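**Student:** Please work out how this folds:
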Amino acid sequence: MNVQFLEPFNQAWKRMTFALFKPFDLHKWFVIGFNAFLAGLMSGTGGSGGSKIQKNADLGEFFRFPATAWAWLHGHPGWAVAILFAVLIGFAVILTLTWLSSRGIFMFMSSVVHDRVEIAKPWREYQAEGNSLFVWRALFGVFSFVLFGGLLAFFFIQGGALYEAGLTRYLPWSFILGFGLVTLAIVLVWGYIALFLKEFVAALMFKHRVSAGEAWRRFLALFKANALPFIGFGLITFLLVLVLVAAVIFFVLGTCCIGGLLLAIPYISSVVLLPALYAYRAFGLEFLAQFGPDYDVFPKPVAAEPTVPAAA
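**Tutor:** Next up is the predicted model:
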């Protein structure tokens, strides 16, 4: 099968321009933008930072930090309870946002597939699918937390053992390189799972009204026969994100940072970026539709009824 990338993107772009600009309707933008906002609640990006270790004493303090923190918590039980309470509140907030996002994914997909300006109807109509997606994402999130936490703990313990053995000169190179390569491999697999879940598994749930587990079964059967095209889709997605980031930077600089203030407001940013969000959502659906009617979520155009000539 000759899988296309450019043609699905062209079709997605046409859908976006027709839906959002022919004609331009600000009310439609705000409604669909709200659905896009819900769908992207848990899709934000975060920053990361680092620091340089200047002295071996600093490195020793770093590896002894868990023991130091544990001793401090034992000596300050009030703070320990407060921190535990804050962690539980944080988990509750994350679960709530994940649930809203799972429901929003189907609301936004409905807007793109049917070109409708609706909020309440798709919220109710795809309740079962949204809840099933939420359960799968929640379990996947717990698994990811345990996996990355275990990986971090393993390398932390191994690094501490190397330090205690006096092998600190090996830490900046072999140890850190090994940690980075293993982490990169896991992050790539994790990223593809998250991408496939949101772009294709959710689409199959939307079309066939099935659970997340059943949709995964159907998608994996397709993936086994077409692994390279789907991996390529992930690479193209990465490039599209880079293009969008560059466009946002130019937009912010071109508006003397006024645009940055708009993009800092989550809902408003979804409205401002709606053409990109809409086109990308349609791109994934158009790409999936190439693999046959069972994977095409778009409704077929209704054929015009033939006109019967009037009797003479």
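
**Student:** and the gap between the residue most central in space within the chain and residue 217?
**Tutor:** The centroid of the chain falls nearest to residue 43 when counting by Cα atoms, centre = their mean (4.3 Å). Here residue 43 is placed at a distance of 25 Å from residue 217 (Cβ to Cβ, to the nearest Å). For glycine as for every other residue, the C-beta is placed from the backbone atoms N, C-alpha and C.

**Student:** again with residue 153
**Tutor:** 33 Å.

**Student:** and if you look at residue 159?
**Tutor:** 40 Å.

**Student:** Who has more neighbours out of those two?
**Tutor:** Between residue 159 and residue 217, counted using other Cβ atoms under 10 Å, residue 159 has the larger neighbour count: 20 against 13.

**Student:** And the next helix or strand past the helix or strand where the more buried one lies?
**Tutor:** Taking DSSP states H and E as the criterion, residue 159 maps to helix 127-164. Past helix 127-164, further along toward the C-terminus, the next helix or strand under DSSP H and E is helix 176-196.

**Student:** Can you name the element that comes right after that next one?
**Tutor:** Counting by DSSP H and E, what follows helix 176-196 is helix 202-208.

**Student:** In this structure the residue nearest to the centre of the chain contacts residue 104, no?
**Tutor:** No: when contacts are counted by Cβ atoms under 8 Å, residue 43 is not listed as touching residue 104 (10.3 Å).

**Student:** how about the helices in the chain?
**Tutor:** 6-21, 26-39, 56-75, 77-114, 120-125, 127-164, 176-196, 202-208, 212-225, 227-254, 258-263, 266-272, 274-289 (DSSP state H).

**Student:** pLDDT value on residue 161, please?
**Tutor:** For residue 161, the model assigns a pLDDT of 73.

**Student:** what separates it from residue 154, distance-wise?
**Tutor:** Residue 161 is 11 Å from residue 154, by Cβ to Cβ.

**Student:** Please apply the same query to residue 160.
**Tutor:** Distance from residue 160 to residue 154, by Cβ to Cβ: 11 Å.

**Student:** Residue 173 now?
**Tutor:** 19 Å.

**Student:** ok, the two, which is more surrounded?
**Tutor:** When neighbours are counted by other Cβ under 10 Å, residue 154 comes out ahead of the other of residue 173 and residue 154, with 12 against 9.

**Student:** Let me know the pLDDT of the more buried one.
**Tutor:** For residue 154, the predicted pLDDT is 83.

**Student:** Might you report the residue contacts of it?
**Tutor:** For residue 154, no contacting residues are found, by Cβ atoms under 8 Å, 6 or more residues apart in numbering.

**Student:** Look up how far residue 205 lies from it.
**Tutor:** 35 Å.

**Student:** go on, residue 80?
**Tutor:** From residue 80 across to residue 205, the span is 42 Å (Cβ to Cβ).

**Student:** Quick check: chain neighbours aside, which residue is closest to residue 30?
**Tutor:** residue 271 (5.9 Å; Cβ to Cβ, 6 or more residues apart in numbering).

**Student:** What is the burial count for that neighbour?
**Tutor:** By other Cβ under 10 Å, 19 other residues sit near residue 271.

**Student:** quick one: it and residue 27 touch, right?
**Tutor:** No: counting by Cβ under 8 Å, residue 27 is not a contact partner of residue 271; they are 11.1 Å apart.

**Student:** So what's the residue count around the closest residue to residue 263 other than its chain neighbours?
**Tutor:** Excluding the flanking residues, the one nearest residue 263 by Cβ to Cβ, 6+ apart is residue 269, at 4.4 Å. By other Cβ under 10 Å, the residues close to residue 269 number 20.

**Student:** Kindly report the same for residue 119.
**Tutor:** 17.

**Student:** Hmm, residue 9 is touching residue 286, no?
**Tutor:** Yes: using Cβ under 8 Å, residue 9 is in contact with residue 286, at 7.5 Å.
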